[in-house]
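In: could you look at this predicted model? Sequence included:
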Amino acid sequence: MHSILSLSLISGTTPILVSILGLLGALWLLASRRRWYLLRAVPIALVVASVFGFSLYYVVEKVWRPFPDPIEVEIYLWIAIGTAALLLVVPRTMVASGLLGRATSILAALLVVLAASTQINLVFSAYPTVGTVFGVDSADRISLADLPGPEVGVVTGDPLDTSWRPPADMPTAGKLTSVAIPATASGFSARDAQVYLPPAYFVDPRPLLPVLVLLAGQPGEPEDWLNGGKLIETMDAFARDHDGLAPVVVVADATGSALANPLCVDSALGNVATYLAKDVPDWFTSGLQVDSNPRTWTIGGLSYGGTCSLQMATNFPDVYPTFLDLSGQLEPTLGDRNRTVNEVFGGNEAAFLAVNPMDLLKTRQFPDSGGAFVVGADDNDYKPGQKTVYEAAQAAGMDVRYSEVPGGHSFAVWSEGLKEQLPWLMQRVGLIS
């Protein structure tokens, strides 16, 4: 069972095999000796599926617009293909011969849907394995109540690794827990955060570790960093290379729900800025034994979360002097400047400019701040904005770096971006030399 759950859905032979099976399924659905099926059922199904796909595109991209940037057209195409397969199930079973033929028709439709879903997943790399699709949690979890309390002896140092000597009984991997972070100051209705604690957190004397706050995209949820983001894999590997040392990672919720887009500011949509700048640090400095100096704190995120991380770094540089912007936008947006200003800032453009990172970078200097910008080499929608913001951050005195990794706007880029930039970020906050 483990071998099946660990099968990759974004590389290797599995996606190829699923695509071949889907093609065979489509050929079965399109083949029949019955003229009424070929001349009526198939064309009607294709037309209806096409209309559905186009209507979905129009509603999502032109009317509803729940996402600030357009979804790739190929996603709607694969949805239409899957819909056509489902529409053909009943008429294809009607013209099939015997029980085997009817069963084959149902299986063929399911294979087409599976192939279409696989192609959609390849665009985003959100579910890297079979296990992640079914929500199988392979993390070594520990309840919040069972976390070891504060240790009397602590290890400090700058950098920390020069003072740290791992004990022989240190765990070989980190643990994961979840927590409902109290929104005492903000009142923001956030979903539970996911918290990664590295091996070194579970020893005595305990090193005072830095904190990395990570944010998901929109649509999204904190668990995205555990699945497509490969957070545990990346952090455990980093810890193995550094004698058990790694940051404590708090994957916080910066949207409140999968489709919400509160723009990471304080507004009628939710006081996200106060939640991230006040409530989240208040919790991890009181609920965990970590380094309480904000100089050691980093905030990062992907897409919407990347934009949000830069917002925090420019609006609250004393709280988050270090950031990781993975495929963030040029500015926080609901799709365009007018809609953003009207719906979030009540038509007050000055209020928007007062918190917009690009405007802050033009008018202020940030000599104590720094961060990394990472974007997919093929991400033509986000790459120009990332370059522009990077140059503005550099001009504002920040210690910044820019990197492009293979891929588009997907978890393949974001997981690799975190892995690539983690050593530099941890050098900057004083974990490693």
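Out: Yes, it's here.
In: burial count for Ala237?
Out: Residues lying near Ala237 (other CB atoms under 10 Å) number 15. For glycine as for every other residue, the C-beta is placed from the backbone atoms N, C-alpha and C.
In: over to Val389?
Out: 25.
In: that's a helix at it, yeah?
Out: Yes - Val389: assigned to a helix according to DSSP: H, G, I helix; E, B strand; the rest coil.
In: read off the pLDDT value for it.
Out: If you check Val389, the pLDDT there is 98.
In: ok now do it, which residues does it touch?
Out: 310, 325, 328, 330, 357-358, 361, 373 (CB atoms under 8 Å, 6 or more residues apart in numbering).
In: can we see that at 10 Å?
Out: Val389 sits next to 306-307, 310, 314, 325, 328-331, 357-358, 361, 373, 400, 402 when contact means CB atoms under 10 Å, 6 or more residues apart in numbering.
In: closest one to Ile71 out of these, please.
Out: Relative to Ile71, the closest of the contacts of Val389 is Gln329; by CB to CB it sits at 14.9 Å.
In: if I look at the closest residue to the closest one other than its chain neighbours, how far off is Asp336?
Out: Spatial nearest neighbour of Gln329, chain neighbours left out: Thr307 (4.6 Å); criterion: CB to CB, 6 or more residues apart in numbering. Applying CB to CB, to the nearest Å, the value for Thr307 to Asp336 is 15 Å.
In: so where's this protein uncertain?
Out: Along the chain, the model assigns pLDDT under 70 to residues 1-2.
In: skipping adjacent residues, who's closest to the residue nearest the centre of it in space?
Out: Nearest to the mean C-alpha position of the chain, by CA atoms, centre = their mean, lies Ala216 at 3.9 Å. Sequence neighbours aside, Asp224 is the residue nearest to Ala216 in space, at 4.4 Å (criterion: CB to CB, 6+ apart).
In: quick one, helices of the stretch 301-433 of the chain?
Out: Along the stretch 301-433 of the chain, counting by DSSP state H, counting those that start in this stretch, helices occupy 304-315, 337-344, 349-353, 357-363, 383-395, 411-428.
In: for Val203, which of those is the nearest?
Out: Smallest distance to Val203 across those (CB to CB): 18.6 Å, for helix 411-428.
In: then the closest one to PDB, C-alphas only?
Out: Below are the C-alpha coordinates for helix 411-428, written out as PDB (Å, rounded to 0.1, in the frame of the first residue of the first chain):
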ATOM      1  CA  PHE A 411       4.300  24.000  -6.600                       C
ATOM      2  CA  ALA A 412       7.200  22.500  -8.500                       C
ATOM      3  CA  VAL A 413       8.700  26.100  -8.500                       C
ATOM      4  CA  TRP A 414       7.600  27.000  -4.900                       C
ATOM      5  CA  SER A 415       8.900  23.800  -3.300                       C
ATOM      6  CA  GLU A 416      12.200  24.100  -5.100                       C
ATOM      7  CA  GLY A 417      12.400  27.900  -4.300                       C
ATOM      8  CA  LEU A 418      12.100  27.200  -0.600                       C
ATOM      9  CA  LYS A 419      14.700  24.500  -0.800                       C
ATOM     10  CA  GLU A 420      17.000  26.700  -2.800                       C
ATOM     11  CA  GLN A 421      16.800  29.800  -0.600                       C
ATOM     12  CA  LEU A 422      16.600  28.200   2.800                       C
ATOM     13  CA  PRO A 423      20.400  28.100   3.500                       C
ATOM     14  CA  TRP A 424      20.800  31.800   2.600                       C
ATOM     15  CA  LEU A 425      17.800  32.800   4.700                       C
ATOM     16  CA  MET A 426      19.000  30.800   7.700                       C
ATOM     17  CA  GLN A 427      22.500  32.400   7.300                       C
ATOM     18  CA  ARG A 428      20.800  35.800   7.300                       C
END
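In: show me what that helix is packed up against.
Out: helix 98-124, strand 211-215, helix 231-241, strand 297-302, helix 304-315, strand 322-326, strand 370-376, strand 399-405 (3 or more CB pairs under 10 Å, 6 or more residues apart in numbering; DSSP states H and E).
In: need those in TSV (columns: distance to Ser189).
Out: Listed next are those as TSV, based on distance: least, CB to CB, whole Å:
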stretch	distance to Ser189
helix 98-124	26
strand 211-215	16
helix 231-241	24
strand 297-302	19
helix 304-315	17
strand 322-326	25
strand 370-376	28
strand 399-405	33
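In: my guess is the residue nearest to the centre of the chain contacts Gly305. True?
Out: Yes - counting by CB atoms under 10 Å, Ala216 touches Gly305, with 5.4 Å between them.
In: joint contacts of the two?
Out: 222, 224-225, 251-252, 254-255, 414.
In: and stretch 282-294, what's buried?
Out: 283-285, 288-291, 294 (16 or more other CB atoms under 10 Å).
In: Met170 versus the residue nearest to Ala216, what's the distance?
Out: Asp224 sits 29 Å away from Met170, going by CB to CB.
In: and the two? which has more neighbours close in?
Out: Shown here are Asp224 and Met170; by other CB under 10 Å, Asp224 has more neighbours (25 against 15).
In: hang on, the earlier thing: mark which of the contacts of Val389 are buried, thanks.
Out: 306-307, 310, 314, 325, 328-331, 357-358, 361, 373, 400, 402.
In: which one of these sits closest to Val73?
Out: Among the buried ones among the contacts of Val389, and counting by CB to CB, the member closest to Val73 is Gln329, at 19.9 Å.
In: in this structure that closest one contacts Gly301, no?
Out: No - using CB under 10 Å, Gln329 is not in contact with Gly301, being 11.3 Å away.
In: what's the overlap in contacts for the two?
Out: In contact with both Gln329 and Gly301: 307-308, 310, using CB under 10 Å, 6+ apart.
In: in TSV, list the residues you listed along with distance to Gly347.
Out: Compiled in TSV, those are given as follows (distance: CB to CB, whole Å):
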residue	distance to Gly347
Thr307	22
Cys308	23
Leu310	24
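In: Ile44 against Val90, yeah?
Out: No - contact between Ile44 and Val90 fails when scored by CB under 10 Å: they sit 11.8 Å apart.
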